[in-house]
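*Asks:* just a sequence and a predicted model for now, questions to come.
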Amino acid sequence: MDEASCFHKLAIVKEVWDDRNPGNVSGEDVARAVLHTWCEHYHKPSVIRVDAEGALANSEEFLKFADSISARIEPIAGEAPWQMGRHSRHLRVLLNTVYDLFSEEDMSLSEAVVRGTMAKNERSMFRGFTPV
């Protein structure tokens with residue numbers, strides 16, 4: 001999410017349809033997603049905020065990627081969730097929208113993600129304008 005405009009860009013990094021082998025996404029997977037969903041269309045981010053105890057904060061691949069685009073990694077402590085309150089609220093609304101579209105409409109997960117993101121971006125107002 002862009003902090004200035006509240007513009008969202010959501011990507012499916014890994015789809016898991018059974019609980020037997022969920023696995024984790026790698027730093028390389030997330031770096032690729034950021035590159036293709038954000039950097040490809042918009043200016044590179046100057047700051048990327050991550051969970052301090054999360055896998056991205058310690059992923060060598062992700063840290064190399066951030067360095068290659070000159071983005072500063074800013075870890076957010078798990079004990080201080082208020083530091084990401086705005087992001088958490090926006091993400092919760094976006095994920096609820098995507099879930100509702102996916103479960104109530106006859107559409108694929110990728111289409112629900114695109115349509116949910118479009119709807120969220122249309123509803124986000126910044127100084128009277130949407131970021132789209």
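*Replies:* Everything's here; your move.
*Asks:* give me the neighbour count for residue 114.
*Replies:* When neighbours are counted by other Cβ atoms under 10 Å, residue 114 registers 16. All C-beta spots, glycine's among them, are computed from the backbone N, C-alpha and C.
*Asks:* pLDDT wise, what is it at?
*Replies:* At residue 114, the model reports a pLDDT of 87.
*Asks:* the one 4 residues further on now?
*Replies:* The model reports residue 118 with a pLDDT of 84.
*Asks:* tell me how far it lies from residue 48.
*Replies:* According to Cβ to Cβ, to the nearest Å, residue 118 and residue 48 sit 23 Å apart.
*Asks:* and for residue 109?
*Replies:* 25 Å.
*Asks:* more neighbours: which of these two?
*Replies:* The residue with more neighbours, out of residue 109 and residue 48, is residue 48; 20 against 14, by other Cβ under 10 Å.
*Asks:* state the mean pLDDT of stretch 71-85.
*Replies:* pLDDT averaged over stretch 71-85 gives 75.
*Asks:* and the end-to-end length of that stretch?
*Replies:* Stretch 71-85 has its terminal residues 22 Å apart, counting by Cα to Cα, to the nearest Å.
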